[in-house]
Each structure stands twice: as C-alpha cells, then as structure tokens.
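# Next come a sequence and a model predicted from it.
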Amino acid sequence: MSLFKKTKNEIKHTPPSMTAIESKKLKELAEKILEERKEIVNEYKESKYSKVLWFTRTLAFAAFGATLFHNPYKPLDIFNIGFGVVICLFLNAYLKHFYRFLLTLFNPKLKKEVTKKAIHHSVNRALIYIVPYAAASLVGTFYFNWQLASVLLSTAIMTIGISAAGEISRLAGKSNFRDTVLTSIVSYSTTFLLTRYIKMLVIGPGLIETLVKIVPTLLGKGGN
C-alpha cells in the first residue's frame, strides 16, 4: 500500500469521540498535508533546478579548493589553487555518489514509490548546503587571511550528511533515524580522514610544481 492510499484511509477513519467540526478540520488538515506531499514528490521526481543545483555546488566545491592549500606568501599560486580544486571536486563526486547509493540501498520501498531519480535529487539538494561555508572560506582566507578552510569544509560535510537524511525524510513524509545515523557515519568518517591526511596532501602542489619544472628540462636533454 502506497503512502498516498494509507493517508486517504486515515482520513476516512476518525475517532468517534470527535465532534463533526473537529472531524472536518482534521480531514481538511490531512488532505492539505497529502497535497503538499504530492507536490514535493512531483518536484523531486522532475528534479527541478537540477542544472542550477549542479552548477552552484560545483562552483562552491571549487571555491573551497581554492582556499584549501592557501599560502599567505603566495595567495594566488596556481598549483595550490589547482590542486585544491581537484581534491574538492573529487570530494563532491564521492559524496554525491556515495550518499545516493547508501540512501537508495536502505530505502527500497521509497525508491519503488517515488523512483530512484527523486532520491538522487534529494542528495543534490543536500549538497547545496556547502555554499555558505564556501563563501565563508573565501572571505576568511583571502580577506582576513585565516587558515580555517579545512575546518569549514569538515563542518560543511557534516551539515550535508544531516541535510541528506532530512531531505529523504521530507520526501518520505516521515522522519527516519536510521538514515540520519548512516549519513552521519559517512560524514564523520570523511571528515576524520580529511583532517588526518590533509597535512600529507599539502606537499602535493609543491611536488606538482617541481615536476612541471623538471620534466621539460629532462625531455630537452633527452632530445639533445
């Protein structure tokens, strides 16, 4: 039985102790909730504004990348910015696909009712919550010269995880504690690995810069 049919059955059966007015108000409220949920499901199925969401979150992750390996002595170093952008765009793809897989796997009934596309759109909506953190990272790094990009990114990832579970609850019309736990575990694991290995990744831009300078020289000598 779908959630829509279940809601209709609940509307028909009201407690006998209720007055006619109370019963009418309850039915009107239930019908209003049902219509609102239908609109939400249709919106998610149609994946409204999916291109706008994709462009906005991609830009936000790239902005985070531009600040992740910021060097105050070389603020516009192309290797620092480029390496950070690549890392953050990879993180974007990882979070998107992993949350989609996880929430689709553990919500088979919802997938059958509203389609996999709607669940994927829920994750797309959750990822957009990175935008305010990316803006704060840009302003803090390039204007105030703060070194808090990794902290803000970790906070953003935790927020995205909670938001993904919230979007699924909105789509399903009810909250699910299991989804919140699952997305929180993924978010926590990701932030733990990020904060643990970020210092190792710092050598990346310098290593790439060295290779860019050395390789052409070696090739030139080989040609001679």
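Perfect, thanks for sending it.
# Low-confidence stretches in the protein?
1-19, 24, 28, 30-31, 33-34, 45-46, 48, 218, 220-224 (pLDDT under 70).
# residue nearest the centroid of it?
Leu127 (2.2 Å; Cα atoms, centre = their mean).
# Am I right that that residue is in a strand?
No - note on Leu127: no strand contains this position according to DSSP: H, G, I helix; E, B strand; the rest coil, which reports helix.
# Please tell me how far the closest residue to it other than its chain neighbours sits from Phe64.
For Leu127, ignoring the flanking residues on the chain, the nearest one in space by Cβ to Cβ, 6 or more residues apart in numbering is Arg57 at 4.7 Å. Using the backbone N, CA and C atoms, a C-beta is placed for each residue, glycine as well. From Arg57 across to Phe64, the span is 11 Å (Cβ to Cβ, to the nearest Å).
# what's the overlap in contacts for those two?
Contact criterion Cβ atoms under 8 Å, 6 or more residues apart in numbering; residues shared by Arg57 and Phe64: Ile130.
# Of the two, which one has the most company?
Phe64 (28 against 23; other Cβ atoms under 10 Å).
# check contacts around that one.
84, 88, 130, 133-134, 137, 149, 152-153, 156.
# between these, which is nearest Lys25?
Ranked by distance to Lys25 (Cβ to Cβ), these are led by Ile130 at 41.3 Å.
# picking up where we left off before, report whether the expected contact of the residue nearest to Leu127 with Asn92 is present.
Yes - if you go by Cβ atoms under 8 Å, Arg57 and Asn92 touch, sitting 6.6 Å apart.
# Domain map for this structure?
1-46, 48-216 (automatic domain parsing).
# Out of these, which is the most enclosed?
domain 48-216 (a mean of 17; mean count of other Cβ atoms under 10 Å).
# what distance separates that domain from the centre of its chain?
With Cα atoms, centre = their mean, to the nearest Å as the basis, domain 48-216 stands 6 Å off its chain's centre.
# picking that back up, list the contacts for the residue nearest to Leu127?
By Cβ under 8 Å, 6+ apart, the contact set of Arg57 is 92, 124, 127-128, 130-131.
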